[in-house]
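1. Coordinates for the following, if possible.
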Amino acid sequence: MSHRTDEDDWDDGETDSDDDDSATVACPYCERQIYDGSLQCPYCKNYISDADQPSGQKPWWIVVGVLVCLYMAFRWIAP
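-> Down below sits the predicted model:
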């Protein structure tokens, strides 16, 4: 006597080809396959688009703070 379950009907060979989580595209810089929604390539570390790239400028208050600290250190060392 054979006992049949619902798991017997499941086919291991079927895959969902519409799965967006595993969709990959080629990186425009190094041509390696990366995930479609990636902001940065994990291999070459280049940003995929210019809009995703962080700005290269430091905030003005950091620059002013460093200059003030250097001035105060200079005034303390050389009276």
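2. in the protein, what spans have low per-residue confidence?
-> Scanning the chain for pLDDT under 70 picks out 1-21, 79.
3. which residues touch the residue nearest the centre of it?
-> Nearest to the mean C-alpha position of the chain, by C-alpha atoms, centre = their mean, lies residue 40 at 4.4 Å. For residue 40, the contact set (C-beta atoms under 8 Å, 6 or more residues apart in numbering) comprises 46-48, 52. In short, each C-beta sits where N, CA and C put it, glycine included.
4. where does it fall, phi/psi-wise?
-> phi -140, psi 140 (degrees, to the nearest 10).
5. Is it bridged to anything, and to what?
-> residue 47 (DSSP bridges).
6. and it, how far is that from residue 53?
-> Distance from residue 40 to residue 53, counting by C-beta to C-beta, to the nearest Å: 9 Å.
7. okay, and the common contacts of these two?
-> Joint contacts of residue 40 and residue 53 (C-beta under 8 Å, 6+ apart) are residue 47.
8. Give me the distance from stretch 36-46 to the chain's centre.
-> The chain centroid and the centroid of stretch 36-46 are separated by 6 Å under C-alpha atoms, centre = their mean, to the nearest Å.
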